[in-house]
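Colleague: I would like to see how this sequence folds:
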Amino acid sequence: MSEMPVTPEEQPKKSNTGLIIGIVVVVLLCCCCVIALGGWYYGDAIVQSLG
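Modeller: Okay, the predicted model is just below:
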């Protein structure tokens, strides 16, 4: 079994899982804010249309 040693130039690739999770969380928070603001501005019209 011959394994090649890892040299400083060939370090294992760093995982981007934390970055991806952070981006997803930020996008979801932005969507929630847009929905909340839409409800704030158009809430009365929505309630009136429902009866």
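Colleague: what secondary structure does the most centrally placed residue in the chain sit in?
Modeller: Among the residues of the chain, the one closest to the centroid is V24, at 1.0 Å (CA atoms, centre = their mean). Three-state call for V24 (DSSP: H, G, I helix; E, B strand; the rest coil): helix.
Colleague: from C33, how far off is it?
Modeller: Going from V24 to C33 by CB to CB, to the nearest Å gives 15 Å. Using the backbone N, CA and C atoms, a C-beta is placed for each residue, glycine as well.
Colleague: and if you look at S15?
Modeller: Distance from S15 to C33, by CB to CB: 29 Å.
Colleague: over to V47?
Modeller: The value you get for V47 to C33, if CB to CB is used, is 21 Å.
Colleague: all helices for the chain, in order.
Modeller: Here the chain has its helices, by DSSP state H, at 17-50.
Colleague: okay, and for it, where does confidence drop off?
Modeller: Scanning the chain for pLDDT under 70 picks out 1-2, 4-8.
Colleague: state the number of residues packed around A45.
Modeller: For A45, the count of nearby residues is 9 (other CB atoms under 10 Å).
Colleague: cool, and E10?
Modeller: 9.
Colleague: any idea how far I35 is from G51?
Modeller: 22 Å.
Colleague: no, scratch that, I was asking about I46
Modeller: Relative to I35, and taking CB to CB, I46 is found at 12 Å.
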